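A.B. asks: Fold the following.
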Amino acid sequence: MPAELTFSASDLAQMRFAVSPMWEVGPSFRLLRSGSAHPVHRRWAEQVRPRTAAAGLDRGWLAELIPPSGYVPDFLNPAPAGPAPTLAEELAVVVATPADRVRRELDRLAHEQGRLGPRARNLYTDPRACLTRVAEEIEVYWELALAPYWARIRAVLDADVFHRARQVAEHGAAHLFNDLHPWVSWDDSALRLARRRALSRETAGEGLLLIPSAFTGPGLFTRFTPPDPPQLAYPPRGLGTLWEPRPVTGTGAIAAVLGRSRTLLLTELDTPASTTELAGRTGLSPAGVSQCLTALRDAGLVSAHRAGRSVLYARTAAAETVLAAAGS
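C.D. replies: Numbering: from 1, shown residues only. A predicted model of the protein is given here:
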């Protein structure tokens, strides 16, 4: 029998959407650790897995706190305070987690996994000091695995939120829930969640946070840690095309404004790449590539991300908009 979460008028009034960087960190790290050739994320994983392994992230804090399956400590997924918190804002909440909550959730992790690793045991002993180190490792992981791709991921998440918000405006909350996921349904003022244990408002908090997440997989992820509102993370619409190559048209018009070399580099950055890689692909000199990338970065069309000894460059959301406008 599915779990039921009852809704009052106040709960419905407090329902909202959010895009959360930390809801991408945990599920994406777990996917990388699995070593599987994921049908949607294989292209991303093939690029990212060598970088994270080289940085030793497969044997660090996250490797102990995010097991291959089962429970992940809830303090790693703080309730987003707004519609789109930054990673820095969410990590500040993680670092400020009370020590008793950290230990309580590590106790649950140890119970489910059989034991805690050495780093997790240190975290249990000194949460204040060790949470800072956890946050530092998350920042490294973000820079290697997610930041270069964030514009593309964020576009899919934002599009889903826009679509769901329009559903609510045009058809109401019941239509939204019944269309959200096969495991979710709405009936008689209650949200029903298949494959979930019994729920109550006393153990779930008020309202509801709906969080599209690119790496949750086909199922649902939930967090119930009162007094925070319950969090429901679900796969967004359009996820199947997230990593597909995007052909660029209308480059002649862009080249007339940006120049041929800069336009060529923008089209090559369908996936993040280093200066050396871009020089090899385009035939431009490394010095010329570096000069063009600096100009594109100053214009907000390219972002740079440290990956070990090299720097990865990626198109920004502004660049995607420019390319789409030229193509249309």
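
A.B. asks: got the contact list for residue 303?
C.D. replies: 147-148, 151, 297, 313-316 (Cβ atoms under 8 Å, 6 or more residues apart in numbering). Any C-beta I mention is one placed from the backbone N, CA and C, and that applies to glycine too.

A.B. asks: Now do the SS call for it.
C.D. replies: Judged by DSSP: H, G, I helix; E, B strand; the rest coil, the three-state class of residue 303 is strand.

A.B. asks: Extract the CA atoms of stretch 278-294 and return them as PDB.
C.D. replies: Only the C-alpha atoms of stretch 278-294 are listed here, as PDB (Å, rounded to 0.1, in the frame of the first residue of the first chain):
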ATOM      1  CA  LEU A 278      40.600  22.800 -28.700                       C
ATOM      2  CA  ALA A 279      43.800  23.600 -30.500                       C
ATOM      3  CA  GLY A 280      44.000  20.000 -31.800                       C
ATOM      4  CA  ARG A 281      40.400  20.000 -32.900                       C
ATOM      5  CA  THR A 282      40.400  23.300 -34.700                       C
ATOM      6  CA  GLY A 283      43.900  23.700 -36.000                       C
ATOM      7  CA  LEU A 284      44.300  27.000 -34.200                       C
ATOM      8  CA  SER A 285      47.500  27.600 -32.300                       C
ATOM      9  CA  PRO A 286      47.300  27.100 -28.500                       C
ATOM     10  CA  ALA A 287      48.200  30.800 -28.000                       C
ATOM     11  CA  GLY A 288      45.400  31.800 -30.400                       C
ATOM     12  CA  VAL A 289      42.900  29.600 -28.600                       C
ATOM     13  CA  SER A 290      43.900  31.000 -25.200                       C
ATOM     14  CA  GLN A 291      43.500  34.600 -26.500                       C
ATOM     15  CA  CYS A 292      40.100  33.800 -28.000                       C
ATOM     16  CA  LEU A 293      38.900  32.000 -24.800                       C
ATOM     17  CA  THR A 294      40.000  34.900 -22.700                       C
END
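
A.B. asks: Which parts of this structure are strands?
C.D. replies: Using DSSP state E, the strands found in the chain span residues 3-6, 15-17, 184-187, 190-193, 208-212, 221-223, 231-234, 302-307, 310-315.

A.B. asks: Counting by contacts, list what the first one packs against.
C.D. replies: Spelled out, that is strand 3-6. Helices and strands touching strand 3-6, by 3 or more Cβ pairs under 8 Å, 6 or more residues apart in numbering; DSSP states H and E, are strand 190-193, helix 201-204.

A.B. asks: ok, so of the contacts of residue 303, who is nearest residue 56?
C.D. replies: Proximity of the contacts of residue 303 to residue 56 (Cβ to Cβ) peaks at residue 147, which lies at 18.3 Å.

A.B. asks: what about that closest one, how many neighbours?
C.D. replies: Here the number of neighbours of residue 147 (other Cβ atoms under 10 Å) works out to 22.

A.B. asks: Look up how far residue 316 lies from the nearest residue to it once chain neighbours are set aside.
C.D. replies: Nearest residue to residue 147, sequence neighbours excluded (Cβ to Cβ, 6 or more residues apart in numbering): residue 305, at 4.9 Å. The gap separating residue 305 from residue 316 is 11 Å, by Cβ to Cβ, to the nearest Å.

A.B. asks: What of residue 294?
C.D. replies: Residue 294 is 14 Å from residue 316, by Cβ to Cβ.

A.B. asks: Now do the residue nearest to residue 133 when sequence neighbours are not counted against residue 273, distance only.
C.D. replies: Leaving aside its chain neighbours, residue 133 sits nearest to residue 61 (6.5 Å; criterion: Cβ to Cβ, 6+ apart). Separation of residue 61 from residue 273 (Cβ to Cβ) stands at 29 Å.

A.B. asks: Return the set of buried residues in the lowest-mean-pLDDT helix or strand in the chain.
C.D. replies: Lowest by mean pLDDT, DSSP states H and E among the helices and strands of the chain is helix 201-204, with a mean of 73. By neighbour count with 16 or more other Cβ atoms under 10 Å, helix 201-204 contains the buried residues residue 204.

A.B. asks: and it, what does it pack onto?
C.D. replies: Using 3+ Cβ pairs under 8 Å, 6+ apart, helix 201-204 sits against strand 3-6.

A.B. asks: give me that answer again for 6 Å
C.D. replies: With contacts taken as 3 or more Cβ pairs under 6 Å, 6 or more residues apart in numbering; DSSP states H and E, helix 201-204 sits against no other helix or strand.

A.B. asks: Can I get it in CSV, CA atoms only?
C.D. replies: What follows is helix 201-204, C-alpha atoms only, in CSV (Å, rounded to 0.1, in the frame of the first residue of the first chain):
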residue,chain,number,x,y,z
ARG,A,201,2.8,15.4,8.8
GLU,A,202,4.3,15.1,12.3
THR,A,203,7.3,13.3,10.8
ALA,A,204,7.5,15.1,7.5
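
A.B. asks: what residues does that helix touch?
C.D. replies: Contact partners of helix 201-204, identified using Cβ atoms under 6 Å, 6 or more residues apart in numbering, comprise 224, 230.
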